[in-house]
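*Asks:* Everything below, folded, please.
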Amino acid sequence: MDYRVMFQQENENIMERFELSMERVRQMASEQTVQEPYRDYFARTASFISMMEEYLRFLETGDQKAAPAEVLKEWNQKLYQDILPGHYEESYANPAYAVSKLGEGYGQLLSYLYKEIRGDIVFVHEWRLTDLTILNETLIEIYNMFEEGIPEVSAIKEVIYWFVSDYTDHTVTFRVREGLDPSLTFASDIIRDNDLKDLRYLYYFGEYISDSELKTAEFLNSLPEETVRLMADTYTEGYRKGFEVMGRDLKKKGAVQIRYELGFERMVKYAIENFEKLGLKVILCRAAVWTVNTNAGRKAGYYSTSPNRQYDYDHRYDDALYLNKAFKDRKAAVLKVAYETYKELAEAFAGPAVLETFGKEGFAPVNKPEANRLDARQEKLSAEMSNETSRILNQYMPGDETSFTLIAFPVPEIGEDFEKIFEETIAINTLDYEKYKAIQQSVIDVLDEAEYVEVTGKGSNRTRLKVALHPLSDRDKETKFENCVADVNIPLGEVFTSPRLAGTEGTLAVSSVYITDFQFKDLVMTFENGMIKDYSCSNFEDQAEGKALVKQVILKNHDTLPMGEFAIGTNTTAYAMARKFGIIDKLPILIVEKMGPHFAVGDTCYSWAEESPVYNPNGKEVIARDNEVSMLRKEDPSKAYFSCHTDITIPYAELDKIEAITATGKRILIIDDGRFVLKGTEELNIPLSED
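*Replies:* Below you'll find the model as predicted:
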């Protein structure tokens, strides 16, 4: 459906305001009524908005669809050039530059506003004139203040605060809708209605299109149909199996949300067909644009390669400009009303199907003092807001009624072996379900006898961890570990549990681990009674900066987190592939977690669904679904959940032993010197021997 038709009534209602605001913005570009250095900011920002108006006409006339690829690429570069690395140092989107030109306080506020205005690229593509108008009007309001003299920073900050707060009814509500409503077909129409061999379609999304998206799409077009269908089938069948193994009824659901990185449209098109055969309509919503809807380090939706990861990093905490208790409460209230409005769509929502990518170079961020950051009070408010959001989501989409699936593929940046790595990734994603089920059950049988597990690193790896396990009441019917084969979490290859916190202690260390956009180096965490006691990394010379990065990205600004999961990865085939091509540091945690023991900090794997029984293929119930923190949900849910779950893996090469210790003190080796030694697991060493 043409989005002009879908938003026709809304756009007609706002049209007069939109046109008046555009006329005023055009005047700003050449006026001399604001003194320097601020005049330059407003003139350049107005010029960007005028360019977006020109692009809107380009769309309205149909010229976009008729234009050759060279013209579309040129437009794409024009839209994003201001934040590309070659231009970013002199862009008002860069808070350091903005502060250097406009001064402390002014720079941060006006850089934030310009960053929000850059959302016009999306709003123009999706014909969202309301979003364009409210941004124009806010810019004009602040411009008018500067025409009367230089306003106080506090006065500008107040305008920003009320702009964000007042418009949450629009920005937050639409975000809820686009994540649930399959009738919003902007992206799915692009995939369905275009010849995917004609790569011009990529420019229709309104995202930054790099060589990565173009090369990925071109590569998928070169694959035989049966190969791409196998990729899609593995992905969608994993989703279906997730409902089956969790004992949830997929037939009660009506929609699934696909999340992926642009370039994989050929596979996504087949996945859409598969989901529709399962009776599910497909939701394709873009990753959040408005800051009020974003989450630092996370993207949920479809997206492209970032034009500049430092730009994303610089603006990750722009909500520091307006986050206070009143705003937290306001957003929660709007969110509740939005889900109540769309409760039928929420009830039909089955959960996300996520396609991740890997292969990009590790990102080494620069911590700029000019960038916005949360203070201690705001960090606490942010954590509270995440918990409140989770509670609202669980009220309308109960965790024990939905499921998900995750799968990952490489992108061309991984290097000259891209095609070979892609081929081997497909093989890893389709390993023998039955074979691994049996191997992993032999590990679980031993772990069910254990009171705790000890994990030790070797060489320079300082890991020394004791992990306490839950007791079993009936060993014939109960088990401590879930036997994870290829369903919600692809590729297969792990057994996992929620540890007891009391008695879980020691040091976790890993030389390198990739979490979201960040490659952590020499990450170290210490635990006491299952809670993080201390942490560090060597990403920066200044240890305090490294500690801050760990707190931001892994602890999600909490002071501490529990160990929510302990697992033993069994996918030695994936590990051997990673070693063969030298790409361990480029793999996503989705695959890395299967390549050795891993430990998740944050919520358990069963958060918000602890009461829902889970059974292994052998019929035994997995009883370790809680820990001492998650049990607090029965008294106060705000104390039970952290709205995060981050995996950290020790690769086999850094691993010495994993030993199961029984109540009588008997020690049973599962891994010794990085190799599996338990009877029934010998086959797992074959790929390691080929390394």
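
*Asks:* could you point out which element follows the longest strand anywhere in the chain?
*Replies:* When the chain is parsed with DSSP state E, its longest strand is strand 500-515. As assigned by DSSP states H and E, the chain's next helix or strand after strand 500-515 is strand 518-528.

*Asks:* wouldn't Lys368 be in contact with Asp314 here?
*Replies:* Yes - under the criterion of C-beta atoms under 8 Å, Lys368 makes contact with Asp314 at 6.1 Å. For every residue, glycine as well, the C-beta is placed using N, CA and C.

*Asks:* So which of the two has more stuff around it?
*Replies:* Remark: of Lys368 and Asp314, Asp314 carries more neighbours, 25 against 16, as counted by other C-beta atoms under 10 Å.

*Asks:* Just list the residues touching that one, thanks.
*Replies:* Counting by C-beta atoms under 8 Å, 6 or more residues apart in numbering, Asp314 touches 94-96, 368, 371.

*Asks:* So which of these sit within helices?
*Replies:* Of the contacts of Asp314, the ones assigned to helices by DSSP state H are 95-96.

*Asks:* Dump the contacts of Asp314 to JSON lines, plus pLDDT.
*Replies:* Formatted as JSON lines, those follow (pLDDT from 0 to 100):
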{"residue": "Asn94", "pLDDT": "98"}
{"residue": "Pro95", "pLDDT": "98"}
{"residue": "Ala96", "pLDDT": "98"}
{"residue": "Lys368", "pLDDT": "95"}
{"residue": "Ala371", "pLDDT": "97"}
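
*Asks:* now, which of the contacts of Asp314 sits nearest Glu347?
*Replies:* Minimum distance to Glu347 across the contacts of Asp314 is 40.3 Å, recorded for Ala371 (C-beta to C-beta).

*Asks:* What is the burial count for the residue lying closest to Leu393 once chain neighbours are set aside?
*Replies:* Ranked by C-beta to C-beta, 6 or more residues apart in numbering and with sequence neighbours excluded, the top spatial neighbour of Leu393 is Tyr339, at 7.5 Å. The number of residues packed near Tyr339 is 20, by other C-beta under 10 Å.

*Asks:* Let me see the confidence value for Tyr339.
*Replies:* Listed pLDDT for Tyr339 reads 98.

*Asks:* Thr171 too?
*Replies:* As predicted, Thr171 sits at a pLDDT of 98.

*Asks:* cool, and the one 10 residues further on?
*Replies:* With respect to pLDDT, Asp181 has a value of 97.

*Asks:* ditto for the one 4 residues further on
*Replies:* pLDDT, the model's per-residue confidence, is 95 for Thr185.

*Asks:* swap in the one 10 residues further on?
*Replies:* In this model, Asp195 is scored at 97, pLDDT.

*Asks:* shared neighbours of Lys368 and Asp314, anything?
*Replies:* By C-beta under 8 Å, 6+ apart, Lys368 and Asp314 have these common neighbours: 95-96.

*Asks:* Low-confidence regions, the protein specifically.
*Replies:* Residues of the chain that meet the criterion pLDDT under 70 lie in 1-4, 486-487, 690-691.

*Asks:* Could you find the closest non-adjacent residue to the most centrally placed residue in it?
*Replies:* The residue lying closest to the centre of the chain (C-alpha atoms, centre = their mean) is Arg298, at 3.3 Å. Leaving aside its sequence neighbours, Arg298 sits nearest to Thr516 (C-beta to C-beta, 6+ apart; 6.9 Å).

*Asks:* what about the one you found, neighbour count?
*Replies:* Thr516 is flanked by 15 other residues according to other C-beta under 10 Å.
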